[in-house]
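K.L.:
After the sequence you'll find the predicted model.
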Amino acid sequence: MLIALTGGIGSGKSTVAAEWVRLGATEVDSDVLAREVVEPGSPGLASVVSTFGNSVLTQSGELNRSKLAELVFANPEAKVSLERILHPLIQNLALERTNSLTGVVVYTIPLLVETNSKLKFDRIVTVSCPEEVRIQRLVQRGLSEQDARQRISAQASDVSRESIADLVIDSNCTKEQLLERARSAYAELTNG
């Protein structure tokens, strides 16, 4: 069973995914795949540098994620250019990874709505909470309020995510309550 787990930045996806892994699922995380496709020496990194220049590299030749984020979150055209490079690479790697796994596989993908993923999901789950709660969580993680708002506005709306979901988990609650909601959702999804 392949379950897409989506939700905006700061929504609680990672907490839900970690609980599902604890319950026996295997996770494939699109954020991890996004880092893999731009590792030093990769075609993905070469394409990013070709498009955005050497300023997006650290002195050691790795991708400077914060510099790239500054560029793409401030410029919608740059964001589109980056997505054209990365999304196909991430999707191909996701297909490869998910096809090699059995049992319950959770594909954590914040940008499911935006990417039109080619993966065939058995179920789609959205983790959702009010924007102000997400901003508060992101500020606690070290982002400025302005950066948090910018990143949230660069993603699809909760309404868009919820419209494609088979199940919505409301994460506007305590961590303990979210873990319980994650367990209930997992049981419902896996008939367990």
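P.N.:
Looks like it arrived, so ask away.

K.L.:
what does the helix or strand hosting Tyr186 contact?
P.N.:
Assigned by DSSP states H and E, Tyr186 belongs to helix 175-190. The contact list for helix 175-190 (CB atoms under 8 Å, 6 or more residues apart in numbering) reads 1, 3, 12, 15-16, 19-20, 23, 25, 104, 123, 125, 167, 169-171, 173, 192. To be clear about C-beta, it is placed using only N, CA and C from the backbone, and glycine gets the same treatment.

K.L.:
what do you get if the cut-off is 10 Å, keeping everything else the same?
P.N.:
Outside of helix 175-190, the residues within contact range by CB atoms under 10 Å, 6 or more residues apart in numbering are 1, 3, 5, 12, 15-20, 22-25, 103-104, 106, 122-123, 125, 127, 129, 166-174, 192.

K.L.:
Can you select the buried ones from those in PyMOL?
P.N.:
With 16 or more other CB atoms under 10 Å as the criterion, this PyMOL line picks the buried residues out of those:
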select buried, resi 3+5+12+15+16+17+18+19+20+25+104+106+123+125+127+129+168+169+171
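
K.L.:
so of the contacts of helix 175-190, which ones are in helices?
P.N.:
Those of the contacts of helix 175-190 mapping onto helices are Thr15, Val16, Ala17, Ala18, Glu19, Trp20, Arg22, per DSSP state H.

K.L.:
Save the residues you listed as CSV, and put in distance to Pro110 and pLDDT too.
P.N.:
Conversion of those to CSV gives the following (distance: CB to CB, whole Å; pLDDT from 0 to 100):
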residue, distance to Pro110, pLDDT
Thr15, 14, 97
Val16, 12, 98
Ala17, 11, 98
Ala18, 15, 98
Glu19, 17, 98
Trp20, 16, 99
Arg22, 21, 98
